[in-house]
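**Student:** curious how this folds, go ahead:
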Amino acid sequence: MFQTAAAKTLFLFLILSFFALAFAQEETFFVQSDKVPRITSTKRSDKDLMLKQFDDEVEQNRSLLANGKDVRPSFFLYLPTEKDRLFELAGRFCVRYDTFCVVNGITGADEYIGGKRLLIPTLDGIFVPLDEDKDASALEILLQKNRAPLLEESRHLRYNIDGKNFAFFPGEKFTTTERAFFLDTSMQLPVRNYRISSRFGQRENPFDGRKSQFHKGVDMAVPEGSGVFACKGGTVLGLGENGVYGKWIQLGHGGGMTSFYAHLSAIQDDVQKGNIVRAGDLIAKSGSTGQVTGPHLHFEIRLNGAAVDPEAYGNF
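**Tutor:** Next up is the predicted model:
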């Protein structure tokens with residue numbers, strides 16, 4: 001059948017490559033949200049057949065997992081209304097909130113979910129993002145770091161969900177730190193013992209007093225070298241120095257929210273791009289670098305890149 005040893009070797013290589021590819025494909029389960037069953041009502045009284053099927057699968061999967069069986073959850077789709085709330089939905093579906101929040105891009109308890117397409121798995125567990133993402137939230141980075149050693153073990157499943165890769169750990173829960181980041185909805189003041197020297201909105205240019213300009217944050221006058229604190233838990237998105245803002249830091253908090261701190265005199269050594277900070281962590285010292293009339297902190301809150309009034313988020 002084979003004319004030469006080389007031809008036989010090539011044939012065996014192709015056969016082995018085919019089985020290796022097939023095995024790799026079996027390891028990853030592909031899910032598309034537009035092709036899974038859709039639940040239209042969370043009220044048992046409405047007798048939604050998909051909700052009944054979902055409930056049955058959840059009960060069966062929990063029993064299998066409790067008896068040490070391998071379980072591969074399926075997914076159902078639900079479109080929340082304006083009245084739906086995250087924790088209430090978790091209760092109605094009898095699935096923990098940490099099971100479906102990350103896979104749906106929900107990284108904070110205060111995120112609005114009305115109108116968002118939610119994939120609900122039929123088994124409790126933790127989904128860990130596997131893809132590198134420069135916009136990853138602090139929660140997602142924590143999940144990747146905490147579960148990295150476990151990825152070498154066999155007790156997890158691989159999913160590709162709408163093009164994004166995840167590892168699924170059946171029965172797992174958020175760690176204490178992960179839960180703290182998810183539930184942190186508070187906004188802390190970035191400096192202490194300050195006075196507002198300029199508010200958000202239209203103002204006269206402080207350098208010539210003539211040309212009107214839009215001020216994208218609040219200026220908080222404090223003595224040079226005062227502590228500057230993270231207003232909320234998050235990830236260091238960037239830091240640097242320029243002629244306008246002087247030394248600056250930008251933090252990402254998930255859900256499209258970022259905070260920006262400028263005119264700093266110094267940045268803490270452990271504040272590096274990609275690092276995680278908690279609300280209230282000391283990140284810098286205030287100063288008068290850049291274009292200023294005196295020492296103060298310029299503080300901004302941005303949503304999806306657009307500056308919003310920080311006073312809407314805290315008692316300034």
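
**Student:** which residue ranges of the stretch 51-200 of the chain form strands?
**Tutor:** For the stretch 51-200 of the chain, the strands defined by DSSP state E, counting those that start in this stretch cover 75-78, 118-121, 125-129, 157-161, 164-170, 195-198.

**Student:** Ala136 against Leu142, yeah?
**Tutor:** No. The criterion here is Cβ atoms under 8 Å, and Ala136 misses it with Leu142 at 9.8 Å. C-beta: built from backbone N, CA, C; applies to glycine.

**Student:** okay, those two: which has more neighbours?
**Tutor:** Between Ala136 and Leu142, Leu142 has the larger neighbour count (other Cβ atoms under 10 Å), namely 22 against 19.

**Student:** among the strands of the stretch 51-200 of the chain, which is nearest Gly238?
**Tutor:** strand 125-129 (20.7 Å; Cβ to Cβ).

**Student:** tilt between the closest one and strand 157-161?
**Tutor:** Per axes from the mean of the first three to the mean of the last three Cα atoms, to 10 degrees, the angle that strand 125-129 makes with strand 157-161 is 60 degrees.

**Student:** parallel or antiparallel, which strands does strand 125-129 pair with?
**Tutor:** Strand pairing for strand 125-129, determined by DSSP bridges: strand 164-170 (antiparallel).

**Student:** and the contacts of stretch 33-45?
**Tutor:** Here stretch 33-45 makes contact (Cβ atoms under 8 Å, 6 or more residues apart in numbering) with 46, 48, 50-51, 53-54, 74-79, 84, 89, 92-93, 117, 119-120, 161-162.

**Student:** quick one on the thing from earlier: which neighbours do Ala136 and Leu142 have in common?
**Tutor:** Counting by Cβ under 8 Å, 6+ apart, Ala136 and Leu142 have no shared contacts at all.

**Student:** quick revisit: taking the contacts of stretch 33-45, please make a PyMOL selection of just the buried ones.
**Tutor:** This is how PyMOL selects the buried members of the contacts of stretch 33-45, with burial counted by 16 or more other Cβ atoms under 10 Å:
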select buried, resi 48+50+51+54+74+75+76+77+78+84+89+92+93+119+120+161
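
**Student:** mean pLDDT and distance to Asp219 added to the strands of the stretch 51-200 of the chain, as CSV?
**Tutor:** Formatted as CSV, the strands of the stretch 51-200 of the chain follow (pLDDT from 0 to 100; distance: least, Cβ to Cβ, whole Å):
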stretch, mean pLDDT, distance to Asp219
strand 75-78, 97, 45
strand 118-121, 96, 41
strand 125-129, 93, 37
strand 157-161, 93, 44
strand 164-170, 93, 40
strand 195-198, 91, 4
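
**Student:** dump those strands to CSV, plus distance to Thr107.
**Tutor:** Formatted as CSV, the strands of the stretch 51-200 of the chain follow (distance: least, Cβ to Cβ, whole Å):
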stretch, distance to Thr107
strand 75-78, 19
strand 118-121, 14
strand 125-129, 10
strand 157-161, 16
strand 164-170, 14
strand 195-198, 31
